[in-house]
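> Sequence below, structure please.
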Amino acid sequence: MLLSIGIIAKNEERYLEGCLKSIKPLLDTGKVELVFVDTGSTDRTVEIASKYTDNIHHFEWINDFAAARNETIKYSKGKWYMYIDADEAFEDDSVMQILDFIESKDSERYACASFHERNFINKSYTKFTEFIPTRIYKLTKDVVFNNKIHECITVEGETKHLSVVLLHYGYADQENNKNKEKRNNKVLLEYYEKNPRDPRVLMYLHNGTLNIEESEKYLLEWLDLVESGNEDNLNELCYVSAARHYYTKEKYIKAIQYVDKLFKLDDSNKKVSALCGHFIKADSLFALNEYEEAFNEYCSYFKKMEEYRKNKLQTSQLGILPGVKDTDYESRKVVAIQCLINLGDIKKALKLMHDVEWELLEVEHFECVNDVLVKFVELDVDSKKVAKFVKHFTDIEKNKSPEMFDVLINKLYWVCNSIEDFEAILSLGDESTIYTIMLEVLKQKNQKEYPYILDAFVNNAPEFLIGLTPVVAECMKFGVAFSKYISLLSIENMEEMVTILFEQFEDYKECVSEYISTIEVSSISELLFECLLTEKLSDDVEFANIYSLLLANYVTNIINEEMLNDDDIKLLDSKYQYGYYIYKYDQSLAENELSSAIRYLGKAVRVNPSMTDLIESLLSKLDIN
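Numbers count the residues shown, from 1 in each chain. From the prediction side, this is the model:
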């Protein structure tokens, strides 16, 4: 047997099935066994476990996690031993990398192996902390669990880091998590009374105590132990914890001092703790507005992150490690860009923008990204380049945080310096919110040119966009014709837009009055649009009269050659469209335009297929040759 997997559990039916399913690929090889120790379940835990193994044992719970875990080692027959919890599960099929490592010759030089663990901290499993526990050990007589709580195995030798990811779901329930912390801290404090100089206990009390003052008390005792010359593999983690603690308290210089102490430890540059150090130091320098030093530190962090991804850094056995998540990596690229902008190096900032994997950013990073994008526009950087980044990012932001998206658009419009800037930002989409914000900004920034800007926007639209409705309202209010845009609309488009105008704009009546008294109608589509506008106001006697006159005018002119054209014809009923095309066919024949005559016959038969025989007869009479 190559590998024994040890699991202890009590009343874990909620998570256990998912846990065991994730290791089933290993069990199915016949080279891996599951050793399951139940500590007093009263639910279906043992029943679920029995579907995956017969190697099930019972152990009376004595408030000692190490004792329970050692019971799994007692029954293990593998050359290697791995332990996981019932509320954990491996991500995807990466679990097979564990067996690949054990079967490789490379495993001979290692005493143990670690992998990534993500502790989910919300019920939707979208937020998590990440650390790198050592969970796999070459099974020798030295492999024994110690400590009643936060139990661990201590062995000599190198640790291999695997790119396997273990997902921990048990901390997602915050109320349950608080209960666990209270339970754990009670046991830890009992142990602390007897062993006040145990660095492991001080570490757990510092990390697990919710009260910030008490947490700092244990940190200071831990630091005193380290700096008094205590040799321990947790020393590096102590300095990382101190740096993180003081950064959180906004004591940035103190945070930097502890990072520098970390860097002075032997071989620290080869360990994952160096990555954490550069991460915290860079953030601290940025908070102090030391942009050049911060940027250089971020570059060091990026370099370490690449080494970490390639498993070239030695990993720590314990602790939550700041900076190791992919979201940390991508978000700090954005902060580094902010450094470059503040240093005036726009070219390098734009280059770094191309490296950001926007999809990996979380909502808490969006404000930072927004600031960067707004700054690019404010500095009059190439609009098309900026619009490309904005489009890429806002496609993500709209889904993850619509409120933040609206804030970004608002800021962008306020810093736009030209019509080209506005057009670039408009490529983000046709949301009504975008246009409403844009109009307000434009009106205040370009009062004299406002009507011309409205004309440019609405009449350059490539197609009907419901989001342009606020722009249409402004055009009506300021007497700006938009005949080109109206020509793009079907009756359904017009009706939809008029309904929105009527329901959402309080000054609808004034807008309509201004529009019909100012704009000279030049097409059937414009005439129909005015009919639809005034129909909404037909309860008013004055507008009922206007509506009646407009409708009469529409009916009278519906086949007026001077007003009706090929764009407007779609507004007519199919039988009238057919009549129009036959009329244009006759007209084309009279003008000896044979190709046009044939084209109109084709359009006629498409709108009225029942006339196919007649159309074929007319075509046969044409001298097509």
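
> the strands in this structure, which residues?
3-9, 32-38, 56-58, 80-83, 88-90, 112-120, 128-131, 134-138, 145-146, 152-153, 159-168 (DSSP state E).

> Buried deepest among those, which one?
Among the strands of the chain, strand 3-9 has the highest mean neighbour count (mean count of other Cβ atoms under 10 Å), at a mean of 25. C-beta coordinates here come from the backbone N, C-alpha and C atoms, glycine included.

> quick one on the thing from earlier: which among the strands of the chain is found nearest to residue 299?
strand 128-131 (22.3 Å; Cβ to Cβ).

> other SSEs contacting that closest one?
strand 112-120 (3 or more Cβ pairs under 8 Å, 6 or more residues apart in numbering; DSSP states H and E).

> could you redo the last one with a cut-off of 10 Å?
strand 112-120, strand 159-168, helix 326-343 (3 or more Cβ pairs under 10 Å, 6 or more residues apart in numbering; DSSP states H and E).

> quick one: which of the ones you listed is nearest residue 311?
strand 159-168 (4.8 Å).

> Tabulate the helices and strands packed on strand 128-131 in TSV, adding columns for distance to residue 9 and mean pLDDT.
Formatted as TSV, those follow (distance: least, Cβ to Cβ, whole Å; pLDDT from 0 to 100):
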stretch	distance to residue 9	mean pLDDT
strand 112-120	18	89
strand 159-168	14	91
helix 326-343	31	92
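
> Make JSON lines from those and add distance to residue 615 to it.
Below are these laid out as JSON lines (distance: least, Cβ to Cβ, whole Å):
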{"stretch": "strand 112-120", "distance to residue 615": "69"}
{"stretch": "strand 159-168", "distance to residue 615": "68"}
{"stretch": "helix 326-343", "distance to residue 615": "63"}
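
> Out of these, the one nearest residue 270 is which?
strand 159-168 (12.1 Å).

> Report the angle between that closest one and strand 134-138.
Between strand 159-168 and strand 134-138, the angle formed by their directions is 130 degrees, by axes from the mean of the first three to the mean of the last three Cα atoms, to 10 degrees.

> Would you give the sheet partners of strand 159-168, along with the direction of each?
In the sheet, strand 159-168 lines up against strand 88-90 (antiparallel), strand 112-120 (parallel) (DSSP bridges).

> Compute the number of surrounding residues for the closest residue in space to residue 155 that isn't next to it in sequence.
In space, and not counting its chain neighbours, residue 155 is closest to residue 111: 5.1 Å by Cβ to Cβ, 6 or more residues apart in numbering. Residues near residue 111, counting by other Cβ atoms under 10 Å, number 18.

> Contact partners for residue 111?
134, 136-138, 140, 142-143, 155-160 (Cβ atoms under 10 Å, 6 or more residues apart in numbering).

> Phi, psi for it please.
phi -100, psi -20 (degrees, to the nearest 10).

> Distance-wise, check residue 100 relative to residue 163.
11 Å (Cβ to Cβ, to the nearest Å).

> my read: residue 80 touches residue 160, true?
No: if you go by Cβ atoms under 10 Å, residue 80 and residue 160 don't touch, sitting 11.1 Å apart.

> what is in contact with the two at once?
Shared contacts of residue 80 and residue 160, defined by Cβ under 10 Å, 6+ apart, comprise 101-102, 107, 110, 112-113, 136.

> Turn the residues you listed into JSON lines, including distance to residue 355.
Below are the shared contacts of residue 80 and residue 160 laid out as JSON lines (distance: Cβ to Cβ, whole Å):
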{"residue": "101", "distance to residue 355": "31"}
{"residue": "102", "distance to residue 355": "36"}
{"residue": "107", "distance to residue 355": "35"}
{"residue": "110", "distance to residue 355": "33"}
{"residue": "112", "distance to residue 355": "35"}
{"residue": "113", "distance to residue 355": "31"}
{"residue": "136", "distance to residue 355": "34"}
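
> With respect to residue 229, which of the residues you listed is nearest?
Using Cβ to Cβ, the shared contacts of residue 80 and residue 160 come closest to residue 229 at residue 112, 26.8 Å.

> Identify the bridge partners of the closest one.
In this entry, residue 112 is beta-bridged to residue 137, residue 159, by DSSP bridges.

> I'd guessed it sits against residue 152; true?
No: contact criterion Cβ under 10 Å: residue 112 and residue 152 do not qualify, at 11.2 Å.

> give the contact list for the residue nearest to residue 459 when sequence neighbours are not counted.
If the residues on either side of it in the chain are set aside, residue 459 comes closest to residue 484, at 4.3 Å by Cβ to Cβ, 6+ apart. Applying Cβ under 10 Å, 6+ apart to residue 484 gives the contacts 455, 458-461, 567.

> Check the gap between residue 484 and residue 567 for me.
Distance from residue 484 to residue 567, by Cβ to Cβ: 10 Å.

> before we move on, the earlier item: ChimeraX command to pick out the buried ones of the contacts of residue 484?
The buried residues among the contacts of residue 484 can be selected in ChimeraX (16 or more other Cβ atoms under 10 Å) with this line:
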select :455,458,459,461
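
> Would you format the contacts of residue 484 as a markdown table with pLDDT included?
Shown next, in a markdown table, are the contacts of residue 484 (pLDDT from 0 to 100):
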| residue | pLDDT |
| --- | --- |
| 455 | 79 |
| 458 | 78 |
| 459 | 76 |
| 460 | 73 |
| 461 | 72 |
| 567 | 70 |
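
> per-residue pLDDT, residue 241?
Residue 241 carries a pLDDT value of 91.

> Just list the residues touching it, thanks.
Per Cβ under 10 Å, 6+ apart, neighbours of residue 241: 202-203, 206-207, 215, 218-219, 222-223, 234, 258, 276, 319-320, 322.

> Can you flag which of the residues you listed belong to helices?
202-203, 206-207, 215, 218-219, 222-223, 258, 276 (DSSP state H).

> Could you identify which of these has the most neighbours?
Top of the ones in helices among the contacts of residue 241 by neighbour number is residue 276, holding 30 neighbours under the definition other Cβ under 10 Å.
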